[in-house]
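**Student:** Sequence and predicted structure are below.
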Amino acid sequence: MSIEEITNYKAISESLASSGQPEELQFKEIAEAGFEVVINLAMPNSDNAIPEEGYIVTARKMMYVHLAVPFESPTAEHLRSFFSLMQAFEGKKCWVHCVVNYRVSAFLYQYFRLVHKVSSEEAKKVIIAEWEPNMVWRDFMGLEGKDVGL
């Protein structure tokens, strides 16, 4: 088993990866790959959610943060919180996941576009190829810096 087998795994950089929901044993692989932080954007009642995920991650000596984002209603406040987390863990090797890597794709797109000031085209490289965002997510991905207090 390897991290590449995790649902919709995407290596963003040497210190950042995204995916859908890892299985319990895959957190061992994530830790062994040197990741220090796991950020979960899925809801606690999402498909395949692992109720003990925080314990599983911290038992592997990684930090764990659960920022629950409803798939039907992501907000500028969720994005602001995500930006704060990414800033707090700057310099750490981070794994960000949700259920299938749709939420995370949108959040990382906005992170690179609004925080790192890369072009929209460049930021789109973090989005998994098979996702077609619906209107809710297109609106979310259209938020500008002023909408999130940047």
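**Tutor:** Received, thanks. Numbering: from 1, shown residues only.

**Student:** distance of V65 from H97?
**Tutor:** Distance, V65 to H97, by CB to CB, to the nearest Å: 11 Å. (C-beta placed from N, C-alpha, C; glycine too.)

**Student:** now do P44
**Tutor:** Applying CB to CB to P44 and H97 gives a distance of 14 Å.

**Student:** Output stretch 62-73 as PDB, nothing but the C-alphas.
**Tutor:** What follows is stretch 62-73, C-alpha atoms only, in PDB (Å, rounded to 0.1, in the frame of the first residue of the first chain):
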ATOM      1  CA  MET A  62       1.100  14.000  13.400                       C
ATOM      2  CA  MET A  63      -0.900  17.100  14.200                       C
ATOM      3  CA  TYR A  64      -4.600  16.900  13.300                       C
ATOM      4  CA  VAL A  65      -7.100  19.700  12.600                       C
ATOM      5  CA  HIS A  66     -10.700  19.100  11.500                       C
ATOM      6  CA  LEU A  67     -12.300  22.100   9.800                       C
ATOM      7  CA  ALA A  68     -15.700  20.800   8.900                       C
ATOM      8  CA  VAL A  69     -17.000  22.400   5.700                       C
ATOM      9  CA  PRO A  70     -20.500  21.500   4.500                       C
ATOM     10  CA  PHE A  71     -20.300  20.600   0.900                       C
ATOM     11  CA  GLU A  72     -23.500  22.400   0.000                       C
ATOM     12  CA  SER A  73     -22.400  25.700   1.800                       C
END
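
**Student:** Can you list the buried residues in that stretch?
**Tutor:** Across stretch 62-73, burial judged by 16 or more other CB atoms under 10 Å covers M62, M63, Y64, V65, H66, L67, V69, F71.

**Student:** before we move on, back to that, give me the more crowded residue out of P44 and H97.
**Tutor:** H97 (26 against 11; other CB atoms under 10 Å).

**Student:** Could you pull up the residues touching the more buried one?
**Tutor:** I6, S18, S19, G20, Q21, P22, V38, I39, N40, L41, A42, V104 (CB atoms under 8 Å, 6 or more residues apart in numbering).

**Student:** how does it look with 10 Å?
**Tutor:** 6-9, 17-22, 26, 30, 38-42, 53, 103-104 (CB atoms under 10 Å, 6 or more residues apart in numbering).
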